[in-house]
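Engineer: quick check, what structure comes out for this input:
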Amino acid sequence: MKPVSGKKFAKILENHGWILSRIQSSHHIYCKEGSVARISVPIHSNKPMKIGLQKHLMKIAELTEKDI
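Structural biologist: Sure, this is the predicted structure:
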């Protein structure tokens, strides 16, 4: 799996129905209608996210590697 930046991951979430709820410092918090989960995406310039964090966020958002 190729790591992606926080900015790109945020755009992928938005394309899959997640809505930006708020911004707290450098983290964008996303919510989705009908889901109790919240996803906090670190936006640190164009640095790629760590692979473990990316996999965890993908699991919460119910995304697959094909979606990235």
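Engineer: for the rest of this, base every contact and every neighbour count on C-alpha atoms.
Structural biologist: Fine.
Engineer: check contacts around V4.
Structural biologist: Residues counted as contacts of V4 (C-alpha atoms under 8 Å, 6 or more residues apart in numbering) are 47-49, 54.
Engineer: are any of those buried, and which?
Structural biologist: Among the contacts of V4, the ones that count as buried by 16 or more other C-alpha atoms under 10 Å are 48-49, 54.
Engineer: in helices, which of the residues you listed appear?
Structural biologist: Using DSSP state H, the subset of the buried ones among the contacts of V4 located in helices is Q54.
Engineer: and R38, how many neighbours?
Structural biologist: Other residues lying near R38 total 17 when counted by other C-alpha atoms under 10 Å.
Engineer: and the pLDDT at it?
Structural biologist: Here, the pLDDT recorded for R38 equals 93.
Engineer: can I assume it is in contact with C31?
Structural biologist: Yes. If you go by C-alpha atoms under 8 Å, R38 and C31 touch, sitting 5.1 Å apart.
Engineer: list the contacts of the closest residue in space to W18 that isn't next to it in sequence.
Structural biologist: Spatial nearest neighbour of W18, excluding adjacent residues (C-alpha to C-alpha, 6 or more residues apart in numbering): K32 at 4.8 Å. With contact taken as C-alpha under 8 Å, 6+ apart, K32 is in contact with 17-19, 38.
Engineer: for G6, see how far away H27 is.
Structural biologist: According to C-alpha to C-alpha, to the nearest Å, H27 and G6 sit 9 Å apart.
Engineer: measure how far stretch 57-68 is from the centre of its chain, please.
Structural biologist: 9 Å (C-alpha atoms, centre = their mean, to the nearest Å).
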